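# Show me how the following folds:
(one chain, ligands or ions: 2)
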Amino acid sequence: MTTPNKSKSAAKTRNERRKAQYRKQLQVALPAQSSKLSYGCDIPNVALEKLTGKLIVLEGADGSGRSTQIRELVDWLEGNGHATVQVGLKRSTLVSEELERAQEGNILSQTTMSLFYATDFADQLENMIIPSLKAGFIVIADRYIYTLMARDLVRGMNPIWVKNLYSIALVPDAVFYLNVSPEHLIQRNLAKTQSLDYWESGMDLGFTRDMFDSFLKYQQLIRKEFLQMKKTYKFHVINGDRPTEEVYEELRTAIDKVISG
Ligand SMILES: Nc1ncnc2c1ncn2[C@@H]1O[C@H](COP(=O)(O)OP(=O)(O)OP(=O)(O)O)[C@@H](O)[C@H]1O
Ligand SMILES: [Mg+2]
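Numbers count the residues shown, from 1 in each chain. Ligands and ions are numbered 1, 2, ... in the order given. Coordinates of the predicted model:
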């Protein structure tokens, strides 16, 4: 026969055990800390270790196939249960319309235009990229600071000034550069829109009045800048002259590795 004292203490032990089990069930597994970095500046009020999502950048010239690839990649990622968010140039709610208008008028100096683009980038960084990474999303950037830097550099801006301007940017988890020959770019742009873009042809630089010649020359210069940045910023250079499916397979395999760590 158990004494009242003994049965009381057994009930207490059972209670403690139940409580401990309940506490264990309540525990939520926290995501592992991230090792994100910025290119130099601290980003105010941002704990980089909490940015557990992945930032994947696709770079490449106009018509290099970025949108085509991003569509496929987003389908694949979301089909596998990953939440995705897309960002890109001239997509901020803050200044994208003003930037578009400024380009139509061609009235801004090179410095003001650079700062305008940097503002567009900073707004997306603060309001889209960082919150999405914090929530564990995969952020796909259709171009990033590298295009902006390359454009500034071929227009003769001071490289140190340019580098400092974008030191607020986060270092992506991977950067893919779709390397496409200017001749292929012309064919693809003409097939897509039957025209070439004034800015993407570098017409503001006044090389020549012929847009085709200007496009070829400008794209060669931009490509040179990209290939020079390749080592510093650890680009994966992808041969974008190949058929869409081949490019996609290479990207998908590489991104799979990035996501699985
Ligand atoms: N690997 C490829 N081979 C042949 N054509 C392609 C390839 N990738 C894309 N294209 C075609 O080239 C055109 C431009 O592609 P897309 O719109 O994806 O490029 P983009 O880099 O997003 O261009 P933009 O800078 O205008 O946004 C489209 O008509 C597309 O179907
Ligand atoms: Mg596109």
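# Near ligand 1, which residues of the protein are found?
60, 62-68, 188, 191-192, 243-244, 247 (C-beta under 6 Å from any ligand atom). Just so you know, the C-beta spots here come from the backbone N, C-alpha and C atoms, and that holds for glycine as well.
# try it again with 8 Å
Taking C-beta under 8 Å from any ligand atom as the criterion, the chain approaches ligand 1 at residues 60-71, 142, 178, 180, 184, 187-189, 191-193, 197, 200, 240-244, 246-247.
# filter the residues you listed to the buried ones?
Buried positions within these, assessed by neighbour count (16 or more other C-beta atoms under 10 Å), are 60-66, 69-70, 142, 178, 180, 188-189, 200, 240-241, 247.
# the helices in the stretch 1-150 of the chain, which residues?
4-26, 66-79, 96-105, 110-124, 130-134, 145-154 (DSSP state H, counting those that start in this stretch).
# ok, the closest residue to Thr208 other than its chain neighbours - contacts?
Of all residues beyond its chain neighbours, the one nearest Thr208 is Ser214 (5.3 Å), with distances taken as C-beta to C-beta, 6 or more residues apart in numbering. When the contact criterion is C-beta atoms under 8 Å, 6 or more residues apart in numbering, the partners of Ser214 are Ser201, Gly202, Met203, Leu205, Phe207, Thr208.
# Check the gap between the residue nearest to Tyr248 when sequence neighbours are not counted and Gly79 for me.
The spatial neighbour of Tyr248 that comes closest, neighbours along the chain excluded (C-beta to C-beta, 6+ apart), is Glu72 at 5.1 Å. Taking C-beta to C-beta, to the nearest Å as the criterion, Glu72 is separated from Gly79 by 11 Å.
# For the two, work out which one has more neighbours and name it.
The residue with more neighbours, out of Glu72 and Gly79, is Glu72; 17 against 8, by other C-beta atoms under 10 Å.
# Kindly provide the distance from the more buried one to Ala174.
16 Å.
# now swap in Thr232 and tell me
With distances taken as C-beta to C-beta, Thr232 is found 15 Å from Ala174.
# Looking only at neighbour counts, state which of these two leads.
The neighbour comparison of Thr232 against Ala174 (other C-beta under 10 Å) goes to Ala174, with 18 against 9.
# Next up, the contacts around the more buried one.
Lys54, Ile56, Val57, His236, Ala254, Ile255, Val258.
# Equivalent analysis for Gln219, please.
For Gln219, the residues meeting the contact criterion (C-beta under 8 Å, 6+ apart) are Ala61, Pro182, Leu185, Glu200, Gly202.
# Look at the spatially closest residue to the last one that is not a sequence neighbour and say how many residues are nearby.
Take Gly202 and drop its neighbours on the chain: the residue closest to it by C-beta to C-beta, 6+ apart is Tyr218, 2.8 Å away. By the measure other C-beta under 10 Å, the count of residues near Tyr218 is 24.
# repeat for the one 4 residues further on
Counted with other C-beta under 10 Å, the burial measure for Ile222 works out to 20 neighbours.
# ok, it touching Ala61?
Yes - using C-beta atoms under 8 Å, Ile222 is in contact with Ala61, at 6.4 Å.
# Helix or strand with the lowest mean pLDDT in this protein?
Sorting the helices and strands of the chain by mean pLDDT, DSSP states H and E puts helix 4-26 at the bottom, at a mean of 81.
# residue contacts, Ala118?
Shown here is Ala118, whose contacts under the criterion C-beta under 8 Å, 6+ apart are Leu148, Leu165, Tyr166.
# From these, pick the one nearest ligand 1.
Distances from ligand 1 to these, taken as C-beta to the nearest ligand atom, are shortest for Leu148 (14.0 Å).
# Surely that closest one touches Met157?
No - proximity of Leu148 to Met157 does not meet the contact threshold set by C-beta under 8 Å, at 10.3 Å.
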